[in-house]
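In: quick one, structure for this:
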Amino acid sequence: MSKRIIPILIFALGVAGFILLKVTRPEPEAVSAQERSWLIEVMIVEPGVHTPVLSLYGQLVAPEQTTIAAPLAGRIGSRPVREGQRVTEGDLLVALDEADIGPLVTRAEAEVKDLQAQLAAEQVRHANDREALEGEKAILSNARRQFERTQSLVSRNLSSQEALDAASDALARARLTVTARQRAVDEHPSRVQSLEARLDGAQASLASARRDAERATVTAPFDGVVTDIRVAEGDRVSPNAQLLSVYPDQGLELRARVPDVFRQELLDALNAGEHLQALTEDGLHRFILSRFAGTSDPSGTEAILTLDGDAGGLRPGGLLPVTLERPPREDAIAIPYSALYGSDSVYRMTDDFRMQRVTVKRLGEANDANGGRQVLVSAEDLEAGDALITTHLPNAMSGLKVELAETGPEAGE
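Out: Have a look, this model is predicted:
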């Protein structure tokens, strides 16, 4: 009997102990829901005048680059310069062999002298023709009188028919001689005109030969750099063959394509006389926007920027990134990229430490004091002194609670 009671007692003691522990346990403290806050950093809004910038990538060109071509066929007699050599105005660049130039000029001079001599001989001939014409007219008159006398004698049977025929032949010969001489006198002006025309052509050829002879020795037209050398001493070249090129130290231009969305703004600034400058990434070179190309394509219009200052190590053909300053904008706000949501939204912190969405208009980019890039925006709902949230939160929304990182405790635990 006692063995059956012991398990029952043990079970009863266990139940009594459980009830006792449950009754005597401490009451847990009530947990109240606490709203989570997010650490942020802010900046104070300060609208003002800012200069937006535009990143461009262009190619350097030398618009005044001069290409030297051979004026005539010949052999290269001298070429003292080398590729990339810097030259000053008047330095010898290339020259053709004098042995190929001299005979051409001599031949042209001889042609001119020959025609001048022919023209002088024509004047002498004309004078002789006029003098001979007078004598031949007198002979014609005598032959005519002789024919008339013979004809009269024959009509009276005082002379033979043979004498009349001889007189008639002499008259005909005299007439032919006068006619031929008269034609020679009448043709004198046309012969002179023809000789003068040929002389003009010969003189033009002589001038061309002398010009080519002068151009056969080429000196630097300005201070510059030699490039694109295609010949060496001793080479034979044909007329108009390209020999080398030279471009000036000053006047390099950068041609960069500008999106059409910025073109009208920049054109208006140029028409207003504004000087818009562009700087290279290292800040060593400055370009001034001078004009736009005359044609465009779907990717934009080519802007032409002129180098202001020494070219230094710049060379035509190189690709160069620059930052172009656009016209200044008033009431603009420079903000970091982290403050921008999408393309037209930012958040400011309200007095009760909550986020409030504000729609902005993006104006472009601007350089900050450290050389970095910021976004320029404008917004009617942002005022000077507003606290703009610069920490980018993935769950940003209006009404979200925030804390300043420099003063508030760590949030989100």
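In: please count neighbours and contacts with C-alpha atoms only from this point.
Out: Will do.
In: sketch out the helices for the stretch 251-400 of the chain, chain order is fine.
Out: Using DSSP state H, counting those that start in this stretch, the helices assigned to the stretch 251-400 of the chain run over residues 260-271.
In: and the residue nearest to residue 159 when sequence neighbours are not counted, what element?
Out: With sequence-adjacent residues excluded and distances taken as C-alpha to C-alpha, 6 or more residues apart in numbering, residue 159 is closest to residue 153, at 5.3 Å. Secondary structure from DSSP states H and E places residue 153 in helix 98-155.
In: from residue 263, how far off is the closest residue to residue 259 other than its chain neighbours?
Out: Spatially, and ignoring its direct neighbours in sequence, residue 259 is nearest to residue 300 (4.5 Å; C-alpha to C-alpha, 6+ apart). From residue 300 over to residue 263 the distance is 8 Å, taken as C-alpha to C-alpha, to the nearest Å.
In: go on, residue 208?
Out: Distance from residue 208 to residue 263, by C-alpha to C-alpha: 48 Å.
In: re the thing from before, now the helix holding residue 153: mean pLDDT?
Out: Per-residue pLDDT over helix 98-155 has a mean of 86.
In: how about stretch 388-398?
Out: Mean predicted lDDT for stretch 388-398 stands at 90.
In: what's around the closest residue to residue 305 other than its chain neighbours, how many residues?
Out: Spatial nearest neighbour of residue 305, excluding adjacent residues (C-alpha to C-alpha, 6+ apart): residue 289 at 4.3 Å. Residues within reach of residue 289, counting by other C-alpha atoms under 10 Å, total 23.
In: let's have the chain start at 38 instead
Out: All set: I'll call the first residue 38, so the last point we hit is now residue 326.
In: for the biggest strand by length in the chain, what is the distance to the chain centroid?
Out: The strand that spans the most residues within the chain, counting by DSSP state E, is strand 323-334. Relative to its chain's centre, strand 323-334 lies at 8 Å (C-alpha atoms, centre = their mean, to the nearest Å).
In: in that strand, what's buried?
Out: 323-327, 329 (16 or more other C-alpha atoms under 10 Å).
In: ditto for stretch 180-193
Out: Buried, per 16+ other C-alpha under 10 Å, within stretch 180-193: 180-181, 183-184, 187-188, 190-191.
In: repeat for stretch 89-100
Out: For stretch 89-100, burial by neighbour count (16+ other C-alpha under 10 Å) applies to 89-90, 92-93, 95-99.
In: tell me the one of those nearest residue 318?
Out: residue 92 (10.0 Å; C-alpha to C-alpha).
In: any idea how far the closest residue to that closest one other than its chain neighbours is from residue 338?
Out: For residue 92, ignoring the flanking residues on the chain, the nearest one in space by C-alpha to C-alpha, 6+ apart is residue 360 at 4.6 Å. Residue 360 sits 17 Å away from residue 338, taking C-alpha to C-alpha as the criterion.
In: in three-state terms, how would the nearest residue to residue 167 once chain neighbours are set aside be classified?
Out: Take residue 167 and drop its neighbours on the chain: the residue closest to it by C-alpha to C-alpha, 6+ apart is residue 222, 6.5 Å away. With DSSP: H, G, I helix; E, B strand; the rest coil as the basis, residue 222 sits in helix.
In: and the pLDDT for residue 222?
Out: So, for residue 222, pLDDT stands at 82.
In: try residue 280
Out: Model confidence at residue 280 (pLDDT) stands at 93.
In: could you do residue 209 as well?
Out: For residue 209, pLDDT reads 87.
In: other SSEs contacting the helix or strand hosting it?
Out: Per DSSP H and E, residue 209 falls inside helix 198-223. Using 3 or more C-alpha pairs under 8 Å, 6 or more residues apart in numbering; DSSP states H and E as the contact test, the elements touching helix 198-223 are helix 135-192.
In: next, the angle from the helix it packs on to helix 198-223.
Out: Relative orientation of helix 135-192 versus helix 198-223 (axes from the mean of the first three to the mean of the last three C-alpha atoms, to 10 degrees): 150 degrees.
In: ok, so what distance separates the residue lying closest to residue 417 once chain neighbours are set aside from residue 436?
Out: Excluding the flanking residues, the one nearest residue 417 by C-alpha to C-alpha, 6+ apart is residue 397, at 7.9 Å. Distance, residue 397 to residue 436, by C-alpha to C-alpha: 19 Å.
In: neighbour count winner among the two?
Out: Taking neighbours as other C-alpha under 10 Å, residue 397 and residue 436 compare with residue 397 leading, 19 against 14.
In: so that one touches residue 413, yeah?
Out: No - if you go by C-alpha atoms under 8 Å, residue 397 and residue 413 don't touch, sitting 9.7 Å apart.
In: okay, strands next: where are they in the stretch 338-450 of the chain?
Out: For the stretch 338-450 of the chain, the strands defined by DSSP state E, counting those that start in this stretch cover 356-362, 366-372, 382-386, 392-396, 398-404, 410-415, 424-426, 439-441.
In: any chance of those in CSV, with distance to residue 125 and mean neighbour count too?
Out: Listed next are these as CSV, based on distance: least, C-alpha to C-alpha, whole Å; neighbours: other C-alpha atoms under 10 Å:
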stretch, distance to residue 125, mean neighbour count
strand 356-362, 27, 20
strand 366-372, 45, 20
strand 382-386, 58, 23
strand 392-396, 60, 17
strand 398-404, 40, 18
strand 410-415, 42, 21
strand 424-426, 59, 22
strand 439-441, 65, 20
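In: and those strands: which comes nearest residue 55?
Out: Nearest of the strands of the stretch 338-450 of the chain (C-alpha to C-alpha): strand 439-441, 47.7 Å.
In: just the mean pLDDT for that closest one, thanks.
Out: 89.
In: pLDDT weak spots in the stretch 188-337 of the chain?
Out: Residue ranges of the stretch 188-337 of the chain with pLDDT under 70: none are present.
In: re the thing from before, list the contacts for the residue nearest to residue 167?
Out: Applying C-alpha atoms under 8 Å, 6 or more residues apart in numbering to residue 222 gives the contacts 163, 166-167.
In: and the residues you listed, which are buried?
Out: 163, 166-167.
In: dump the residues you listed to CSV, plus distance to residue 82.
Out: Below are the buried ones among the contacts of residue 222 laid out as CSV (distance: C-alpha to C-alpha, whole Å):
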residue, distance to residue 82
163, 102
166, 107
167, 107
